[in-house]
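Visitor: mind looking at a prediction? Sequence and model below.
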Amino acid sequence: MPESAIQHLDLPHGLPVPIDDGACDHLVNTTLPSITLPSTASGAPVDVSSLSGLTIVFCYPRTGEAGVPVPAEWDMIPGARGCTPQACAFRDTSAELRGLGVQQIFGLSTQDTAYQTEVKERLHLPYQLLSDEELKWVRGLNLPTMEWEGKPLVKRITVAVRDGKIIKKWYPVFPSNRNAYEVIEWLKGQQSSE
């Protein structure tokens, strides 16, 4: 594997830790607005608010390009680095997540569907990616954003949605490669308290 590909999977030491700025405090118990987003399933639209059962949506700023080194400036943004490791962690735990009752898993970014399709294929992701290129979901849920190269990107946040309602949020998410395991621990805790 080329070094630049490995670089996207590793999280360097000393990354700045994001702080909880309260930007997602409003999300738990929020009913999702009906917003249709294109997916990597041949662009088939998905409205997460209409899905029944338990859905996990992890929002991430952007995945790196194959063969392109991660810019040092990106690493200096708290919470920015780690989109590919986060996606791969959800890939590697998808069977366990489904075994714990998760019906759907989605990754969501503001990157376009064509780019996301390449990422899905390259990383062998067993779940779909949703494109919020027009910021409909971000604005509809009032999610925090950051800017990179003149483009708005969603900050990293993960939500658990049951029957169209947010029941749990993880924000800020750090380190990103641990997020899927945090979701698993929460799901196990939910099962033990039932």
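Guide: That came through fine. Residues are numbered from 1 along each chain as shown.

Visitor: list the buried ones in whichever strand in the chain runs longest?
Guide: If you go by DSSP state E, the chain has its longest strand at strand 102-109. Within strand 102-109, the residues scored as buried using 16 or more other Cβ atoms under 10 Å are 102, 104-109. All C-beta spots, glycine's among them, are computed from the backbone N, C-alpha and C.

Visitor: among the residues you listed, which one lies nearest to residue 72?
Guide: Lowest distance from residue 72 to these (Cβ to Cβ) belongs to residue 109, with 21.2 Å.

Visitor: how near is the closest one to residue 103?
Guide: Distance of residue 109 to residue 103, computed by Cβ to Cβ, to the nearest Å: 21 Å.

Visitor: so where is the chain shaky, pLDDT-wise?
Guide: 1-10 (pLDDT under 70).

Visitor: quick one, helices of this structure?
Guide: Taking DSSP state H as the criterion, the chain carries its helices at 3-9, 72-75, 83-99, 113-123, 136-140, 179-192.

Visitor: pick the most buried one from those.
Guide: For the helices of the chain, the largest average neighbour count (mean count of other Cβ atoms under 10 Å) is found in helix 83-99, namely a mean of 19.
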